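*Asks:* Have a look at this fold, sequence not included:
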């Protein structure tokens, strides 16, 4: 990736456009993650919140609200709410996945312990509900509590579907909606709702967030078999070693010869992996065009995201949201 | 405890008085803990929800609402909400405490795994927010999201104060307010709020729940050094073996001779316990009247709970709530 391209990342342009709003969000996050009584809480949270995440989800909330002409104060609360929910799920995910690294740094469960990650996650989740309560909008509370339930449900489904070669693309999509798209779509939807946008516009924002989240997750799946550790903050082949049924694997399993099926059964279902298995998995996927097919799916979801917002007001923010949908898949194209 | 006394437990009388309401709560709990996509969720939840807990917290919400003359439908939602929050915290507590037994049965983290307990807890927490949203009361949302934050904060504080002999009675009280009293007081307060009770009545209900929760927890601490495994569903001495600074220990540490202090440092701070230490700990506590002093505190909190509701309408439910405050400490008197 050239320097020019780095300088032109669309979410960075959007971040620049919404810099004042985002500064207010960062202040609110720092203020609300404090705890008078338990200093462990801001320690754990700061480790994660200030680790240089892209803040994509709160940015989407701010963008949606501004695109719909919002001039009040509550998009800040909602953006902070969305980031708190995201941070809470990251803390719990790292416990569930027994992760040692996140965003290129050691995880909180490694630096402190699983107990702190579970309880501080709970604290942030409760804080997020306090924050959204301040907006006074029942519709917003409904959307975000529904999203929270969908996220947890998707995570449990992922847990029980793990290492199961019978996982279909439909189940995969349900898991992805839970683990990624539900918070993206809630982030954009509440931005529209707080701005008082009409139902068609709110629906368009929901669809954009949903499709963007799915495109994002499929791209992430692909990068795990082809990115570099520095670029994605995790190691190539992590998903394979953790025996995850990601989209390219699901597609390869569906097209497997009997011999290949035995390979997937041994490496994914039974977890008996030996040196060279990752390379063989990638060769099998290449043979069936599984990566190509997953890439085509990601591109189709990105296109759907762009189309959804085409009906929204003609505004520089709309252009940048559209570019973000392109960018998410540019990493794999 | 004689058979007559068993038959007359005040929370059982209250449960009988509110049987129709409680049946509606149980139906709602069973309905809302379902998950279309992830069958693991109702399995884990049912294991805990149907394990025969006393349902004390939802009962308090129903009682508070009825005592204040409520005739609408939403006390059912709120009672189910409170039980969901409680169940979510139990699931996470058992992970944090690495517990193997709860209510005399193996814990969910033992039967399934820590991952399921973390994620199903998150699901129930999200569900609880969906439920309270349905009441349409912003004040209720505030109270319950504040309580949730206090609960998580108290748990983190307990984690960082664990095994620390410098723990004061003030810190103990903060931890207890978080882990027990915050949900008791929120349970009674929202019952009053949904009934449209005046501010003085709502405050009285809050104070009752707060004091009852503290009395309950101190009694629990005492029982851990004197109850039987069958009566409390856990083993005598668990807290000592887990090196918890419960109230009788804190009082004994404050009055310790240098030799006794060395004993507490070895057994609690350093965790170097040998055969006979539990008996010696109990002998030291007896020598300083630590159990007696903690018992007096519990009785004072129970009295405060009774006094708080003396100003509420003269009604059979008020009498039963008062009797519950007595009963909580009768276990240790």
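*Replies:* Sure, I can see it. Every value quoted in this text rests on a predicted model; they were computed, and no experiment measured them.
*Asks:* Grab the nearest non-local neighbour of the closest residue to chain B within the stretch 201-333 of chain A.
*Replies:* Residue of the stretch 201-333 of chain A nearest chain B, by Cβ to the nearest Cβ: residue A:242 (12.7 Å). To be clear about C-beta, it is placed using only N, CA and C from the backbone, and glycine gets the same treatment. Once flanking residues are discounted, residue A:242 sits nearest to residue A:97: 7.1 Å by Cβ to Cβ, 6 or more residues apart in numbering or on different chains.
*Asks:* Equivalent analysis for residue A:163, please.
*Replies:* Using Cβ to Cβ, 6+ apart, the nearest residue to residue A:163 is residue A:243, at 4.7 Å.
*Asks:* Provide a list of residues in contact with the one you found.
*Replies:* A:162-163, A:267-269, A:271 (Cβ atoms under 8 Å, 6 or more residues apart in numbering or on different chains).
*Asks:* before we move on, the earlier item: what is the burial count for the residue of the stretch 201-333 of chain A closest to chain B?
*Replies:* 16 (other Cβ atoms under 10 Å in any protein chain shown).
*Asks:* if we can go back for a sec, farthest-apart pair in the contacts of residue A:243, please.
*Replies:* A:162 and A:267 (13.7 Å; Cβ to Cβ).
*Asks:* Roughly how far does residue A:111 sit from chain B?
*Replies:* 14 Å (Cβ to the nearest Cβ, to the nearest Å).
*Asks:* Next: residue A:168.
*Replies:* 13 Å.
*Asks:* Close to chain B: what parts of the stretch 101-250 of chain A are there?
*Replies:* Within the stretch 101-250 of chain A, the positions lying close to chain B (Cβ under 8 Å from any Cβ of the partner chain) are A:114-116, A:118-120, A:122-123, A:125-127, A:129-130, A:133, A:136, A:138, A:141-142, A:145-146, A:148-149, A:151-157, A:159-160, A:174.
*Asks:* so the residue nearest to residue A:163, which of the three states?
*Replies:* Here residue A:243 is recorded as coil under DSSP: H, G, I helix; E, B strand; the rest coil.
*Asks:* For it, report the pLDDT, please.
*Replies:* For residue A:243, the pLDDT comes out at 92.
*Asks:* Residue A:114 now?
*Replies:* pLDDT, read off for residue A:114, is 81.
*Asks:* Do I have it right that it meets residue A:96?
*Replies:* No - using Cβ atoms under 8 Å, residue A:114 is not in contact with residue A:96, being 9.6 Å away.
*Asks:* so what sits against both of these two?
*Replies:* Shared contacts of residue A:114 and residue A:96 (Cβ under 8 Å, 6+ apart): residue B:114.
*Asks:* Look at those two and report which has more neighbours.
*Replies:* Legend: neighbour count by other Cβ under 10 Å for residue A:114 and residue A:96, higher for residue A:96 (24 against 21).
*Asks:* next one: phi and psi at residue A:121?
*Replies:* Torsion angles at residue A:121 (phi, psi; degrees, to the nearest 10) stand at phi -60, psi -50.
*Asks:* Distance across stretch A:86-106, terminal residue to terminal residue?
*Replies:* 18 Å (Cα to Cα, to the nearest Å).
*Asks:* Pull out the buried residues from that stretch.
*Replies:* Buried positions in stretch A:86-106, judged by neighbour count with 16 or more other Cβ atoms under 10 Å in any protein chain shown: A:86-97, A:99, A:102.
*Asks:* the helices in the stretch 51-200 of chain A, which residues?
*Replies:* Taking DSSP state H, counting those that start in this stretch as the test, the helices found in the stretch 51-200 of chain A are A:56-67, A:74-96, A:108-111, A:114-133, A:138-161, A:169-176, A:182-194, A:199-223.
*Asks:* just for the stretch 101-250 of chain A, where's the confidence low?
*Replies:* A:102-103, A:110, A:227-235 (pLDDT under 70).
*Asks:* Number of residues surrounding residue A:311?
*Replies:* Close neighbours of residue A:311, defined as other Cβ under 10 Å, add up to 11.
*Asks:* sorry, back to before: which one of the helices of the stretch 51-200 of chain A lies closest to residue B:179?
*Replies:* helix A:114-133 (10.8 Å).
*Asks:* so how far is the closest one from its chain's centroid?
*Replies:* Averaging C-alpha positions (Cα atoms, centre = their mean, to the nearest Å) puts helix A:114-133 18 Å from its chain's average.
*Asks:* do the same with stretch A:324-332
*Replies:* Per Cα atoms, centre = their mean, the centroid offset for stretch A:324-332 relative to its chain is 14 Å.
*Asks:* List the buried residues in that stretch.
*Replies:* Applying 16+ other Cβ under 10 Å to stretch A:324-332 flags A:324-329, A:331-332 as buried.
*Asks:* now it: mean pLDDT?
*Replies:* Here the average pLDDT along stretch A:324-332 is 92.
*Asks:* now the residue lying closest to residue A:208 once chain neighbours are set aside: how far from residue A:195?
*Replies:* Excluding its sequence neighbours, the residue lying closest to residue A:208 (Cβ to Cβ, 6+ apart) is residue A:308, at 4.4 Å. Going from residue A:308 to residue A:195 by Cβ to Cβ, to the nearest Å gives 17 Å.
*Asks:* and what of residue A:262?
*Replies:* 55 Å.
*Asks:* So which of those two has more stuff around it?
*Replies:* A direct count of neighbours by other Cβ under 10 Å for residue A:262 and residue A:195 places residue A:195 higher, at 21 against 11.
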